[in-house]
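# Fold the following and give me the result.
(one chain, ligands or ions: 1)
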Amino acid sequence: MEYETSLNSPPSGGLTLVATPIGNLDDFPPRARAALEQAAAVLCEDTRVTSRLLARHSISATMIALHDHNEAEMAPRLVARMQAGEALALVSDAGTPLVSDPGYRLARAAIAAGVPVTAIPGPNAALMALTLSGLPPHPFLFHGFLPPKAAARAAEIARMAALEAAGLSATLIFYEAPHRAAEALAALAEGLGADRPAALARELTKRFEEVRRGTLGELAAHYATHEARGEVVLCVGPAPPPAETAAETLDATLRDAMARMSVRDAAAAVAAATGLPRKRVYARALELSSEAGGSTA
Ligand code: SAM
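Sure thing, here's the model as predicted:
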């Protein structure tokens, strides 16, 4: 590993995605500071939130509000400014921009227009919760927020359970609003199994930082009677290793895919959908195909 120590400037005529603290304002490294100081403008979700960060670090910068409601409309104008040579920086209220936060549409538009895009990495609540959870750190699936309404949330959890039944085995990470944490845990326990190991991480990097570990059932029971104050991340350990039923599900999924495409394409599609190793899925597809007397194309 080779390290660089220079404070390389944000690209002139480009976009820098700058991560900001998720609670502790001191989690803000020198390169992040330099990127905001040197930018022609700082695009931010809420100018009041970003002003506090700028004031804390004595940075003076021009701010432009960029949020979910105006991003699509603003993106072409901002891309044009960068094409004309301006360096713009993008921050969100907390953590890494784009991750359950605005910025994706602008970054995509800049990339499509050939505008240089770089990032100053930093805090992210999902990764911090994952590393503190005590659950397998990889593979992981970052889901972001579950739908707030009960029926849509249950349907989304059922979709994840179906992926797991087809072989997906990854630690799952969810963002959640504190007042919905208890009902989300209950819905996850119901949909994925009350015995699944899990963790609720809250108030990360702040004074009352806490990680509570237990099964989904235990956490649901705890937070049914104790309010999860502050911001929370939920992590759920991977589904248990494939059982007989998972093998049967894989076979059914493969047979269905092979009815519509070649063995090779079917194996690739099923491996991508389930996260199972491609070689293993292809080997099973060949077995099923020869059992059925088919070709191995
Ligand atoms: N972009 C941010 C990131 O990189 O983590 C996430 C923004 S998202 C709108 C806000 C959610 O992130 C919160 O509802 C909570 O689930 C999680 N979060 C943010 N800060 C947190 C913290 N200090 N402790 C626990 N969870 C946090």
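
# residue contacts, the closest residue to the ligand within the chain?
Distances between the chain and the ligand by Cβ to the nearest ligand atom are smallest at residue 95, namely 2.4 Å. In this view, the C-beta of every residue, glycine as well, is placed from N, C-alpha and C. Each residue near residue 95 by Cβ atoms under 8 Å, 6 or more residues apart in numbering is listed here: 19-22, 101, 122-125.

# so residue 266 touches residue 286, yeah?
No: Residue 266 lies out of contact with residue 286 (Cβ atoms under 8 Å); the separation is 10.6 Å.

# Give me the more crowded residue out of these two.
residue 266 (23 against 15; other Cβ atoms under 10 Å).

# List the buried residues for the helix or strand harbouring the more buried one?
According to DSSP states H and E, residue 266 maps onto helix 263-274. Buried residues in helix 263-274, defined by neighbour count with 16 or more other Cβ atoms under 10 Å: 263, 266-271, 274.

# how does the protein divide into domains?
Taking automatic domain parsing as the reference, the chain has its domains at 15-123, 126-236, 246-291.

# Let me have these in JSON lines, adding distance to residue 2 and mean pLDDT as columns.
Putting the domains of the chain into JSON lines (distance: least, Cβ to Cβ, whole Å; pLDDT from 0 to 100) gives the following:
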{"stretch": "domain 15-123", "distance to residue 2": "17", "mean pLDDT": "97"}
{"stretch": "domain 126-236", "distance to residue 2": "23", "mean pLDDT": "97"}
{"stretch": "domain 246-291", "distance to residue 2": "32", "mean pLDDT": "87"}
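
# Just put those in TSV and tack on distance to residue 1.
Listed next are the domains of the chain as TSV, based on distance: least, Cβ to Cβ, whole Å:
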stretch	distance to residue 1
domain 15-123	15
domain 126-236	19
domain 246-291	28
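
# Provide a list of residues in contact with the residue lying closest to residue 224 once chain neighbours are set aside.
Counting by Cβ to Cβ, 6 or more residues apart in numbering, residue 182 is the residue found nearest to residue 224 once chain neighbours are left out, at 5.3 Å. Residue 182 sits next to 220, 223-224, 227-228 when contact means Cβ under 8 Å, 6+ apart.

# Verify the stated contact: residue 54 with residue 36.
Yes: at 7.0 Å, residue 54 counts as touching residue 36 under the criterion of Cβ under 8 Å.

# Mind listing the shared neighbours of these two?
Residues touching both residue 54 and residue 36 comprise 42, 61, with contact defined as Cβ under 8 Å, 6+ apart.

# near the ligand, which residues of the chain?
Residues of the chain lying close to the ligand (Cβ under 6 Å from any ligand atom) are 22-23, 92, 94-96, 99-101, 124-126, 175-177, 201-206, 231-233.

# please redo it, this time with the cut-off set to 5 Å
Proximity of the chain to the ligand (Cβ under 5 Å from any ligand atom) is limited to residues 22-23, 95-96, 99-101, 124-125, 175, 204, 231, 233.

# Name the residue closest to the centre of the chain, please.
When Cα atoms, centre = their mean is applied to the chain, the residue found nearest the centroid is residue 142 (3.8 Å).

# in the host helix or strand of the residue nearest to residue 224, what's buried?
If you go by DSSP H and E, residue 182 is part of helix 181-192. Buried residues in helix 181-192, counted by 16+ other Cβ under 10 Å: 181-192.

# Phi and psi next, for the residue of the chain closest to the ligand.
With angles defined as degrees, to the nearest 10, residue 95 sits at phi 80, psi -150.

# Please name the nearest non-neighbouring residue to it.
residue 22 (4.6 Å).

# Name the SS class of the one you found, please.
coil (DSSP: H, G, I helix; E, B strand; the rest coil).

# Quick check: it touching residue 129?
No: look at residue 22 against residue 129 with Cβ under 8 Å: they stay out of range, at 10.2 Å.

# which residues are common contacts for the two?
Counting by Cβ under 8 Å, 6+ apart, the contacts common to residue 22 and residue 129 are residue 204.

# and residue 117, what are its bridge partners?
Taking DSSP bridges, one finds residue 15 as the beta-bridge partners of residue 117.

# In contact with it, which residues?
By Cβ under 8 Å, 6+ apart, residue 117 lies in contact with 14-17, 107, 110-111.

# That'll do, ta.
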